[in-house]
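[1] I would like the atomic coordinates for the input below:
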Amino acid sequence: MSAEADWVSRFADEVIAEAERRAPGKPIVCASGLSPSGPIHLGNLREVMTPHLVADEIRRRGHEVVHIISWDDYDRFRKVPVGIDSSWSEHIGKPLTSVPAPPGSAYPNWAEHFKAPMIAALAEMGVEFHGIDQTAQYTSGAYREQILFAMRERERIDAILDRYRTKDKPAAPKKPQQKLDEADAAAAEAAAEGSGAAEEDDGTAAAGYFPYKPYCSVCERDLTTVTAYDDETTELSYTCACGHAETVLLSEHNRGKLVWKVDWPMRWAYEGVVFEPSGVDHSSPGSSFVVGGQIVKEIFGGEQPIGPMYAFVGISGMAKMSSSKGGVPTPADALEIMEAPLLRWLYARRKPNQSFKIAFDQEIQRLYDEWDALERKISDGSALPADVAAYSRATGTAAGPLPVTPRPLPYRTLASIVDITTGHSEQTLRILRDLDPEHPITSLDETRPRLDRAERWITTQVPAEQRTRVRDEPDAPLLASLGDTERESLRLLLDGLDEHWSLDGLTTLVYGVPKVQAGLAPDTKPTPELKVAQREFFALLYRLLVGRDTGPRLPTLLLAVGADRVRKLLGG
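    A predicted model of the protein is given here:
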């Protein structure tokens, strides 16, 4: 396969070569960072899927590789999201692991509440990773040497940061406390976009520059200002906005963290990260990724990871998400309406710098059609190499294939059926059996999990006014008003029902009735005039069956309604 055809292979080549240069013989480290400051959404998933796909390709080639996910759960709580009681504002400034979980949650704190659904979604998607909790790392003293070293080198770090400050900060520095308060809202936006706290203050204080920020031992918040530090004794003095002031030994102190622009490069060196992507928000001069590249090299003696800037992931047609979700769809939300391989495919088939949308609206049906068509092309050998590669990465990992639906019927067909049957199992099975009488489906399990995803989509994403409601009684006035041609078309349809009672048969029948009426063979290619006649015939059927001009595909609708009820509603 051409490396040009497949972005994952190209990155894997680069990462293997780079790892061999940096640390020959050691496991190759790929990394992601996620902040559980709120729902971890489908944009954040790109932060994980990009290194996952590359790490998985490296693993397939027989190399030892680890994919780290750093949970930035020791970041500050920045803002109370919509839908959460305003009393949570008292926790602003505390580590995310010290903030109570939202009301009704089963989890011990805010961070665990938002991590849990992401961990479950990644398991369903076959993403193998090694999670690192930054709260545990900092509070256990794992980074003690790095923190003491950064404090000793604070003047050099300050000088590096100063190269960029004029580009991204007002010339006149504000008092630290004012700056923190004003940053709350803006930084929440940055935190929601992915790892770390890209917009937090960089450690500048009236007494000088300090890259370490303690959490107050009384109020637990980071509304603190370092006032003095002694390199020899490691005595660190700070004051807090709550009124508390104290001196601690930094060689023993475990309730604080390096500021983000120092924390990130420190971890690159500590973990030996070779590959880590970053969001487009990190590409500007003065951003944490750009500055981090200087700090990791000049201060920590490490190297910046290689990796692409990844583009935006949009959503098409989000129906009303509950306010508790913050209106931001998560991987768990997507996995309710689509199978894991399809969701993986969306990230695998686009280069990281290409933006794309994930469909929650009718577009999901077209997406599934495209996926099924790709499967057929792969089966008959006509798929392009890049498409084969993306499909292979979507449907399995180095550990093996992901679960699949045994009989993957078209998503739009399944959605139409559960729309009409409102999920009634026996009715659903009856219709599914009739789709292909020569190879009947004998159990709903043959169509799962796709059937369940289609049902969930219908019930959660399709507005009530767009749902299909089959008429209970015939539309007597409409039937009475029909002319001879329309009556004839209905008679031709009803006469052919028994003989054509399958999805393919009914497709031939409904498209063929206007052709027969025009004196043509049922397999005649449609002319523009025939297409007009077909549209008029279809609209008539929809009005008689569901009281609207449009609806699900007619062959599926007829199967779902059932022959007896079709006869009754069409005046037969």
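[2] going forward, measure contacts and count neighbours with C-alpha atoms only.
    Noted.
[3] Counting by contacts, list what the helix or strand harbouring Arg453 packs against.
    Secondary structure from DSSP states H and E places Arg453 in helix 450-461. If contacts are counted by 3 or more Cα pairs under 8 Å, 6 or more residues apart in numbering; DSSP states H and E, helix 450-461 sits against helix 331-337, helix 411-421.
[4] Just name the most buried of those helices.
    Sort these by mean neighbour count, taking mean count of other Cα atoms under 10 Å, and helix 411-421 sits at the top with a mean of 22.
[5] Just want the angle from the helix holding Arg453 to helix 411-421.
    With axes from the mean of the first three to the mean of the last three Cα atoms, to 10 degrees defining the directions, helix 450-461 sits at 60 degrees from helix 411-421.
[6] Report the distance from the helix or strand just after helix 450-461 to the chain centre.
    Following helix 450-461 in sequence order, the next helix or strand is helix 476-480 (DSSP H and E). Mean-position distance between helix 476-480 and its chain equals 50 Å (Cα atoms, centre = their mean, to the nearest Å).
[7] Can you give the contact residues for helix 476-480?
    Leu544, Leu570, Gly571 (Cα atoms under 8 Å, 6 or more residues apart in numbering).
[8] Most neighbours of all those, which one?
    Comparing those by number of neighbours (other Cα atoms under 10 Å), Leu544 comes first, having 23 neighbours.
[9] need the helices and strands packed on helix 450-461 in CSV with distance to Tyr229, can you?
    Converted to CSV, the helices and strands packed on helix 450-461 look like this (distance: least, Cα to Cα, whole Å):
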stretch, distance to Tyr229
helix 331-337, 44
helix 411-421, 64
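[10] Just send those back as JSON lines, with mean pLDDT and distance to Ala120 too.
    Below are those laid out as JSON lines (pLDDT from 0 to 100; distance: least, Cα to Cα, whole Å):
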{"stretch": "helix 331-337", "mean pLDDT": "96", "distance to Ala120": "8"}
{"stretch": "helix 411-421", "mean pLDDT": "93", "distance to Ala120": "24"}
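[11] To Ala394, which of those helices lies closest?
    helix 331-337 (13.8 Å; Cα to Cα).
[12] The closest one packs against which elements?
    Contact analysis of helix 331-337 by 3+ Cα pairs under 8 Å, 6+ apart lists helix 110-124, helix 450-461 as its packing neighbours.
[13] can I get those in JSON lines with mean pLDDT and mean neighbour count?
    As requested, these are exported to JSON lines (pLDDT from 0 to 100; neighbours: other Cα atoms under 10 Å):
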{"stretch": "helix 110-124", "mean pLDDT": "97", "mean neighbour count": "18"}
{"stretch": "helix 450-461", "mean pLDDT": "95", "mean neighbour count": "22"}
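[14] mind putting those helices in CSV, distance to Ile358 included?
    Below are the helices and strands packed on helix 331-337 laid out as CSV (distance: least, Cα to Cα, whole Å):
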stretch, distance to Ile358
helix 110-124, 16
helix 450-461, 13
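[15] any chance you could read off phi and psi for His130?
    The phi/psi pair for His130 (degrees, to the nearest 10) reads phi -110, psi 110.
[16] repeat for Ile315
    Dihedral pair for Ile315: phi -120, psi 130, per degrees, to the nearest 10.
[17] Offset the numbering so it begins at 6, please.
    In the new count, where the first residue is 6, that last one comes out as Ile320.
[18] Quick check: bridge partners of it?
    Ile363 (DSSP bridges).
[19] Need the pLDDT of it.
    pLDDT for Ile320: 88.
[20] One more: Val521?
    pLDDT for Val521: 92.
[21] go on, Gly332?
    The model's pLDDT for Gly332 equals 68.
[22] residues contacting the closest residue to Val423 other than its chain neighbours?
    Spatial nearest neighbour of Val423, chain neighbours left out: Glu460 (5.8 Å); criterion: Cα to Cα, 6 or more residues apart in numbering. The contact partners of Glu460, by Cα under 8 Å, 6+ apart, come to Ile342, Leu419, Ala420, Val423, Asp424, Gly428.
[23] 7 Å instead?
    Ala420, Val423, Gly428 (Cα atoms under 7 Å, 6 or more residues apart in numbering).
[24] and it, how far is that from Ala420?
    According to Cα to Cα, to the nearest Å, Glu460 and Ala420 sit 6 Å apart.
[25] closest one to Glu541 among the helices and strands packed on helix 336-342?
    It is, among the helices and strands packed on helix 336-342 and with distance given as Cα to Cα, helix 455-466, at 27.3 Å.
[26] Among the contacts of helix 481-485, which one lies nearest to Cys221?
    For those, the nearest to Cys221 is Leu549 (70.9 Å; Cα to Cα).
[27] What spatial separation is found between the closest one and Arg474?
    As for Leu549, its distance to Arg474 is 12 Å (criterion: Cα to Cα).
[28] just Asn114 next, same as before
    44 Å.
[29] Kindly report the same for Ser40.
    44 Å.
[30] So which of the two has more stuff around it?
    Comparing Ser40 with Arg474 by other Cα under 10 Å, the one with more neighbours is Ser40, at 26 against 17.
[31] Could I get the pLDDT score of that one?
    For Ser40, the model assigns a pLDDT of 94.
[32] Trp76 is in contact with that one, correct?
    Yes - Ser40 lies in contact with Trp76 (Cα atoms under 7 Å); the separation is 5.9 Å.
[33] Now for those two: what residues contact both?
    By Cα under 7 Å, 6+ apart, no residue touches both Ser40 and Trp76.
[34] in the stretch 256-405 of the chain, which spans are strands?
    With DSSP state E, counting those that start in this stretch, the ranges of strands along the stretch 256-405 of the chain come out as 261-263, 283-284, 314-315, 318-321, 361-364, 401-402, 405-406.
[35] okay, those strands, which one's buried deepest?
    Stretch with highest mean neighbour count among the strands of the stretch 256-405 of the chain: strand 261-263 (a mean of 23; mean count of other Cα under 10 Å).
[36] For the contacts of helix 481-485, could you give me CSV that also reports distance to Lys262 and secondary structure?
    Shown next, in CSV, are the contacts of helix 481-485 (distance: Cα to Cα, whole Å; DSSP: H, G, I helix; E, B strand; the rest coil):
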residue, distance to Lys262, secondary structure
Leu549, 68, helix
Leu575, 73, coil
Gly576, 76, coil
